[in-house]
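Asker: model this:
(chains A and B)
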Amino acid sequence: MHVQEHNPEPSNPLGMDGIEFIEFATSQPQALGALLQSIGFMPVARHRSREVMLYRQGSMNLIVNAHPDVLPGMSAPGATPAISAIAFRVRDADYAWRRALELGAWEMPTRASAMELNIPGIHGVGDSLLYLVDRYRDFSIYDVDFVALPGMDPHPPAIGEMHYFGVVQAIEDERSDDWIDFYTQLFGFSVLPGGQYFGIMPKGTLLESPCHKFYMQLLEPPPGSEDIEWDERLLRLGLGAPDVRAAVKSLRERGVVFVDRDPIQPSDKGALTQIYLGDVTFELVRSHLAPGSGA
Amino acid sequence: MNIDQFGMDTITLAGPLEAKLRAVRDAGFTQIMLQARDIAGHPDGEAAAVDAVKKSGLRVTGFQVLRDFEGLSGHLHAYKIDIARAMLTMCHALGSKVLLVCSTTSTHATEDTDAYIRDLRKLAMLAVPFGIRIAFEALSWGRHVNEMPQAWDLVMRAQRSNLGLAVDSYHMLATRTPVEALDDVDPSMILFVQLADFMWQEVRSPDERMNTARHFRVFPGEGVHSAEITELVRRLDAIGYRGDYSFEVFNDDYVQLPLATVAARARQSVRFLVGQVRRRSLPVRGRRVAAP
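Answerer: Residues are numbered from 1 along each chain as shown, chains lettered A, B, ... in the order given. As a prediction, this is how the structure comes out:
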């Protein structure tokens, strides 16, 4: 009899261990690439068969996907960049994937070509995917699918010790409980008590990953916003930094512009960049998470 | 209560989808309950059906019906999950926020209610990315779940934010479920209410219930249970239910009458119900005398 060993702590049924990568989709990868570089993400590798680039800074991997041949049921990348996937590190990706499907997740068709890795994924919010990755310790998924860019440091250091802190997700009115069910049941996230927030955007519902390495923030439309467009989607990336003011200073020197009016002033707690390329913002959050912890 | 709370159901009407939608709208209704057959059977394809619904301007009350879903195992369960996925996809395309699921009649379904809860949770999870809520209804000829309180018990035990209850007057009347049972239900968990009367005083056997349900339903006010239906709606109003009412009237005669005639009967039924409920809501005249 084949016995599989899965002995994660009870509150972390999948052995989740942070974010492996965040993926943006856009039909204008050069413009997004320039923005990412100003934030400190350096291009380090190119996908073997598709128009996909890997950026990196410190512990953060970020993928820009401009491949036009989209998966069935998904939209082709538009000019406006969108966060199209989050890859969760888990102990056993196949186990995590099968468990998620058993609980009612939607299986996403994979796009692996010959000799490429098949990364299991499920349907997330809107058009986004949630990938499950278990090869990140002594072997990385990028070793197989990506070719290193010559002359580039494969491990560029992080500006201001920045690291992934979380992802903000826009949801429709009165949908918080549905998405809380989604993240708690499928992955073991837990809801932080009301009023416990980080950064300068204290709104919505904050969910902590079972590995305590990152957060998902659920945002219903603000009151009085009936006329604004508010699609369910992954809205914004949160970057943690031990010293927000120092990180803001470094990024400003690189040309990054922060919103500088009340109530969103850069402060010790956090800062928010202006909107770039139509819809892209980055939020800095004073972080207690250790840089390089994989989150 | 007003007409905007009431809708018709395409199963009551004959003819092509576009004609049904027009008749319902022309009768003054603002919402419509759709069945999967309306979409799958459209001569110009699913996209044309979806387009017709969107152009009608009618709000979609819900989409029906996923049958014999819960309590299966192995390949039967896998098959039903495939069907559920397809129905959720159609439901989403139509802009419907509710999918109706009826309690199973399958002889292959287990009696284990824990399995029902597991399956209902799975269905609710499948519906989350689409923003669809699952309305679970006790079919009066359901194999193991055939009364509203049983369905409510499962919904409560499953504890999923997008899983709720569908209340159907026909099934409650058929099984003689006391209207007081609604007092135990959280009104925010009732996703919608289906209303229909019928012509017989009693329907004793499951076969008789099924046959009556599929051929001899009438609009509230046209059958022999007007008082009970009025009491049901009044009770729902009293516990705080403010959601939709849909006339689920399967009737062999109505599907061979002009659409406008049938829609007018539905409209008359709204007047009847609203009038009855208002009348019953007024303070009873004798009360003042009885008060100290």
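Asker: Do I have it right that A:Ser267 meets A:Ile200?
Answerer: Yes. With contact defined as CB atoms under 8 Å, A:Ser267 reaches A:Ile200; the gap is 6.1 Å. No exception for glycine: its C-beta is placed from N, CA and C like everyone else's.
Asker: Quick check on these two: which one has the bigger neighbour count.
Answerer: The neighbour comparison of A:Ser267 against A:Ile200 (other CB atoms under 10 Å in any protein chain shown) goes to A:Ile200, with 21 against 15.
Asker: who's in contact with the more buried one?
Answerer: Going by CB atoms under 8 Å, 6 or more residues apart in numbering or on different chains, A:Ile200 touches A:Pro263, A:Ile264, A:Gln265, A:Ser267, A:Lys269, A:Gly270, A:Ala271, A:Leu272.
Asker: and it, what element?
Answerer: Using DSSP states H and E, A:Ile200 sits in no helix or strand.
Asker: Skipping its backbone neighbours, what lies nearest it in space?
Answerer: Distances taken as CB to CB, 6 or more residues apart in numbering or on different chains put A:Gly270 closest to A:Ile200, at 4.0 Å, once the chain neighbours are dropped.
Asker: thought the one you found was touching A:Pro263?
Answerer: No. The pair A:Gly270 / A:Pro263 is not scored as a contact, 11.4 Å apart, by CB under 8 Å.
Asker: And those two? Which one has more around it.
Answerer: Legend: neighbour count by other CB under 10 Å for A:Gly270 and A:Pro263, higher for A:Gly270 (26 against 9).
Asker: residues in contact with the more buried one?
Answerer: Residues in contact with A:Gly270 (CB under 8 Å, 6+ apart) are A:Phe198, A:Gly199, A:Ile200, A:Met201, A:Val244, A:Glu283, A:Leu284, A:Val285, A:Arg286.
Asker: at 10 Å what do you get?
Answerer: A:165, A:197-202, A:238-241, A:244, A:248, A:264, A:283-287 (CB atoms under 10 Å, 6 or more residues apart in numbering or on different chains).
Asker: can you check B:Gly95 too?
Answerer: Counted by CB under 10 Å, 6+ apart, B:Gly95 has contacts B:Leu34, B:Val50, B:Val53, B:Lys54, B:Arg59, B:Val60, B:Phe63.
Asker: if I look at the closest residue to B:Glu248 other than its chain neighbours, how far off is chain A?
Answerer: Closest residue to B:Glu248 apart from its sequence neighbours, by CB to CB, 6+ apart: B:Gln194 at 4.0 Å. Counting by CB to the nearest CB, to the nearest Å, the gap from B:Gln194 to chain A is 23 Å.
Asker: In the sheet, which residues pair with B:Gln194? Tell me.
Answerer: Note on B:Gln194: beta-bridge partners by DSSP bridges are B:Asp168, B:Ser246.
Asker: pretty sure it is touching B:Leu139, no?
Answerer: No. Look at B:Gln194 against B:Leu139 with CB atoms under 10 Å: they stay out of range, at 11.4 Å.
Asker: Overlap in contacts, those two.
Answerer: Listed contacts common to B:Gln194 and B:Leu139 are B:Asp168, B:Tyr170, B:His171; contacts here mean CB under 10 Å, 6+ apart.
Asker: Show me what the residue lying closest to A:Asp17 once chain neighbours are set aside is bridged to.
Answerer: Closest residue to A:Asp17 apart from its sequence neighbours, by CB to CB, 6+ apart: A:Arg89 at 4.2 Å. Beta bridges link A:Arg89 to A:Val133, judged by DSSP bridges.
Asker: how about the residues of the stretch 1-150 of chain A near chain B?
Answerer: Contact residues, the stretch 1-150 of chain A versus chain B (CB under 10 Å from any CB of the partner chain): A:73, A:100-107, A:122-128.
Asker: What subset of those residues is buried?
Answerer: The neighbour-count test (16 or more other CB atoms under 10 Å in any protein chain shown) marks A:100-101, A:103-106, A:122-128 as buried among those.
Asker: So which of these sit within helices?
Answerer: If you go by DSSP state H, these have A:Ala100, A:Leu101 in helices.
Asker: Determine which two of the buried ones among the residues of the stretch 1-150 of chain A next to chain B are furthest apart.
Answerer: A:Leu103 and A:Asp127 (21.4 Å; CB to CB).
Asker: closest to chain B among the residues of the stretch 1-150 of chain A next to chain B?
Answerer: A:Gly104 (2.8 Å; CB to the nearest CB).
Asker: Was I right to think that closest one contacts A:Phe182?
Answerer: Yes. In this structure, A:Gly104 is within contact of A:Phe182 by CB under 10 Å, at 9.2 Å.
Asker: overlap in contacts of these two?
Answerer: B:Ala124, B:Met125, B:Val128.
Asker: Out of those, which is nearest to chain A?
Answerer: Chain A lies nearest to B:Met125 out of the shared contacts of A:Gly104 and A:Phe182, by CB to the nearest CB, at 2.8 Å.
Asker: Tell me if I am right that B:Glu208 is in a helix.
Answerer: Yes. Checked against DSSP: H, G, I helix; E, B strand; the rest coil, B:Glu208 lies within a helix.
Asker: All set, thanks.
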